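Enquirer: fold the stuff below for me.
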Amino acid sequence: MSTTSIAIAGGGISGLAVLANLIFQAQTPFNLFLFEPSHRLPKGVAFSTDCETHPLNVRANAMGALKEHPDDFWKWVEKRKETLQPLFPKTILHPDAFLPRKLYGLYLEDLYERVQAVAEEKKIKLTVILQKVLDASESNDQLLLQVAHENPVTVDALVLACGVPPSKKLSFETPQLLDHPHYISDPWNSSALDSMFLHSSKVLMIGAGLTMADTVASLVHQAFDGKMICVSPRGTSSQPHLTAPPAHPLPQVKTKELPLTARGLFRTVRKKIVSHSEWRDVIDSLRRCTQPLWAALPFPRKNNFYAISSRYGIIIVIAWQLPVLICWKN
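Expert: Predicted structure coming up:
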């Protein structure tokens, strides 16, 4: 009998979470391939940041990467408080805080080491390939993966954990504009942001979501004293989290309690928000059921969900309120 083989395309937090849950819950040995073309394994883009003012968007006690242990991250921090506090002297290490993503990156690195050790103990063969999966095709009830600069790999299952795709090119982005030293199409390019500070007294940001929040945090961290202007293409603005969690949070919603249609979901959530005084609490109560709910939706209804959500826009809740981060000491 052949050994089961599974591939994970993407080595950021999504890929690592799948990897960890597969290995920690495994009862028998199997083969596991992890593909990640960048140098950001296992942190991905968001958690590779060096800026201490880039916060998590979820409170620390709910940011565990393990399915059965949502508080795993906070327990990890709590055990290492004496070591971590000097590294983050301005951060209040508290379970209800929105801790720095840089700190979370350290947790992911430690989790990756734990995963590798458990894989070895359970005789699970983990192969890490620092290349991109280019294509996948069916081959005798298996999947044949075409890999950049490597021989094809045959697996029984493939998990796509590729993260958020790059933003679409804007209609006014000409080659000349993209080459301009003061136009930054990639706000994650920290060196470009640094060079901009020397020449700018005013910065315009297109977009009002989490990337905007990170850009503002980077500017503030670098002591930028000019004017910042934010333009929302949808005419919406991000909403801050509450400074403290509700005293009596709503119980977590179960997947079976929700309708499996986009309109039904929106209608149900709106009713819950109307009947409850704090809409953020309603959103938090849906947190644990979002993945199984999405998996249960038929493909056409997933497309319908995208269409409806893009039509109305999505209100993003951010973990800070200028000028002070919630997790930041005065």
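Enquirer: all strands of the stretch 151-300 of the chain, in order?
Expert: All strands of the stretch 151-300 of the chain, identified by DSSP state E, counting those that start in this stretch, fall at 153-155, 157-160, 202-206, 227-231, 239-240.
Enquirer: pretty sure residue 8 sits against residue 159.
Expert: Yes: with contact defined as Cβ atoms under 8 Å, residue 8 reaches residue 159; the gap is 4.6 Å. For glycine as for every other residue, the C-beta is placed from the backbone atoms N, C-alpha and C.
Enquirer: between those two, tell me which one has more neighbours.
Expert: Using other Cβ atoms under 10 Å, the more surrounded residue of residue 8 and residue 159 is residue 8, with 25 against 17.
Enquirer: residues contacting that one?
Expert: Residue 8 is in contact with 15, 18, 19, 32, 33, 34, 35, 158, 159, 161, counting by Cβ atoms under 8 Å, 6 or more residues apart in numbering.
Enquirer: packing partners for the host helix or strand of the first one?
Expert: Translated: residue 15. Element membership for residue 15 (DSSP states H and E) is helix 13-25. For helix 13-25, the elements it packs on are strand 5-9, strand 31-35, helix 101-121, judged by 3 or more Cβ pairs under 8 Å, 6 or more residues apart in numbering; DSSP states H and E.
Enquirer: rerun that using 6 Å as the cut-off
Expert: The contact analysis (3 or more Cβ pairs under 6 Å, 6 or more residues apart in numbering; DSSP states H and E) places helix 13-25 against strand 5-9, helix 101-121.
Enquirer: restrict stretch 35-44 to CA atoms and write it as PDB.
Expert: C-alpha atoms of stretch 35-44 as PDB (Å, rounded to 0.1, in the frame of the first residue of the first chain):
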ATOM      1  CA  PHE A  35       6.300  24.800  -1.600                       C
ATOM      2  CA  GLU A  36       7.400  28.400  -0.900                       C
ATOM      3  CA  PRO A  37       9.300  30.400  -3.500                       C
ATOM      4  CA  SER A  38      10.100  33.400  -1.300                       C
ATOM      5  CA  HIS A  39      12.500  34.000   1.600                       C
ATOM      6  CA  ARG A  40       9.600  34.600   3.900                       C
ATOM      7  CA  LEU A  41       9.000  31.000   5.100                       C
ATOM      8  CA  PRO A  42       7.200  30.500   7.500                       C
ATOM      9  CA  LYS A  43       6.000  34.100   8.200                       C
ATOM     10  CA  GLY A  44       4.700  35.300   4.800                       C
END
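Enquirer: re the thing from before, list the residues that contact both of residue 8 and residue 159?
Expert: Residues touching both residue 8 and residue 159 (Cβ atoms under 6 Å, 6 or more residues apart in numbering) are residue 18.
Enquirer: residue 231 - how many residues pack around it?
Expert: Residue 231 has 11 neighbouring residues, counting by other Cβ under 10 Å.
Enquirer: what's the closest non-adjacent residue to it?
Expert: Of all residues not flanking residue 231 in the chain, residue 206 sits nearest, at 5.3 Å (Cβ to Cβ, 6 or more residues apart in numbering).
Enquirer: that neighbour contacts residue 230, correct?
Expert: No: using Cβ atoms under 6 Å, residue 206 is not in contact with residue 230, being 8.2 Å away.
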